[in-house]
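Make a model of this:
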Amino acid sequence: MKNSMTFEEQTEKIVKALLSDFLEEKPPICLPLISQPANVPEEAAGGATSTFDPVTIASRLEHIGDHINRDLNPHVHVLAAEMVEGKVVKFGEMVESISKEWSSHVPGLEYERAFLAVSVRLFKGLVEKIPSVASATLLIGLINGNAHVRSYIEEHGGWENLEN
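Okay, the predicted model is just below:
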């Protein structure tokens, strides 16, 4: 069942779930005895339900970023200093530059996956370093503004089919 939300609306919900996760202090891991769904799917026409769950998709995005074994801390420090001075455009430029470099040097790593990994990791670093500057609109605009990434996600069946 296709979700009734637009790509942009889905991206917004996913990034807000990511930001919420990054800002949340992590308590010790305690698993509930009975699991509850993170997001109750929206009812669609005809009684079918959507599989769109922004919390699950945000977790997948973070997982994609965590599996790229590269240190981004030096980039986060530079980016944080630039953004404190109001140079928000540097975020997009840095994500683009690193994504292109990684995808050209790592066999089998598509530019779009590199873009998602880098953008999420840099965003997470910014949230940890200067949460007041790292707003959700920063990452939402970056993802929604990249036609290649959008096409990649749509060609793979949408956000809900994004693999780890």
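
Residue 107 belongs to a strand, doesn't it?
No - Residue 107: not assigned to a strand; according to DSSP: H, G, I helix; E, B strand; the rest coil it is coil.

what's near enough to touch residue 79?
90, 91, 94, 122, 125, 126 (C-beta atoms under 8 Å, 6 or more residues apart in numbering). Quick note: C-beta positions are derived from backbone N, CA and C, even for glycine.

Which of those ranks first by neighbour count?
residue 122 (24 neighbours; other C-beta atoms under 10 Å).

I'd say that one and residue 97 touch.
No - if you go by C-beta atoms under 8 Å, residue 122 and residue 97 don't touch, sitting 11.0 Å apart.

Where does residue 60 fall, secondary structure wise?
If you go by DSSP states H and E, residue 60 is part of helix 54-66.

er, residue 119 actually
Secondary structure assignment for residue 119, by DSSP H and E: helix 111-129.

Buried residues in the helix or strand just after that helix, which are they?
Under the assignment DSSP H and E, the closest C-terminal helix or strand after helix 111-129 is helix 136-144. Neighbour counts over helix 136-144 (16 or more other C-beta atoms under 10 Å) mark 136, 138, 139, 140, 141, 142, 143, 144 as buried.

Let me see the mean pLDDT of stretch 54-67.
Averaged across stretch 54-67, pLDDT comes to 90.
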